[in-house]
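Enquirer: I'll drop the sequence and a predicted model, then ask my questions.
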Amino acid sequence: MMNDTTLGITLINRHIGQSANARISGVDNLDQAHGQVLTAADLRATNSAVQPGQVVPAALAVHWDGRNTWRVELPRYVLVSIVLRP
């Protein structure tokens, strides 16, 4: 939890070959969502002083399903950050 009106959530999909779906329920007063994913061209990529831009954040869609629940598809082998706000 980031503060009284903002909720931060981190999700990880550790499967190398398959995406995953996640649902976030019980957030009736939080109607804005922003998702970010760390991504790279190679699953084994890392950032270094020599190559600092190998793993970079990218926007990730988070969808309201109309039933007090947010839905997000996690690509394969990623770390996702989601922020929900009123």
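Expert: Right, received. Where do you want to start?

Enquirer: can you tell me the helix or strand for the residue with the largest distance to the centre of the chain?
Expert: Most distant residue from the mean C-alpha position of the chain: residue 50, 27.0 Å away (Cα atoms, centre = their mean). Assigned by DSSP states H and E, residue 50 falls within no helix or strand.

Enquirer: So it versus residue 26, what's the distance?
Expert: 45 Å (Cβ to Cβ, to the nearest Å). No exception for glycine: its C-beta is placed from N, CA and C like everyone else's.

Enquirer: Please work out how many residues are found near residue 53.
Expert: Residue 53 has 8 neighbouring residues, counting by other Cβ atoms under 10 Å.

Enquirer: which ones are touching the nearest residue to it once chain neighbours are set aside?
Expert: Distances taken as Cβ to Cβ, 6 or more residues apart in numbering put residue 47 closest to residue 53, at 7.1 Å, once the chain neighbours are dropped. Residue 47 sits next to 53, 54, 55 when contact means Cβ atoms under 8 Å, 6 or more residues apart in numbering.

Enquirer: And the residue most central in space within the chain, which helix or strand is it part of?
Expert: For the chain, residue 80 is the residue whose C-alpha lies nearest the centre (Cα atoms, centre = their mean; 2.8 Å). Per DSSP H and E, residue 80 falls inside strand 78-85.

Enquirer: Show the contacting residues for residue 84.
Expert: Shown in contact with residue 84 (Cβ under 8 Å, 6+ apart): 6, 7, 8, 9, 24, 27, 30, 32, 33, 70.

Enquirer: got the contacts of residue 47 as CSV, with distance to residue 85 columns?
Expert: Below are the contacts of residue 47 laid out as CSV (distance: Cβ to Cβ, whole Å):
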residue, distance to residue 85
53, 29
54, 30
55, 26
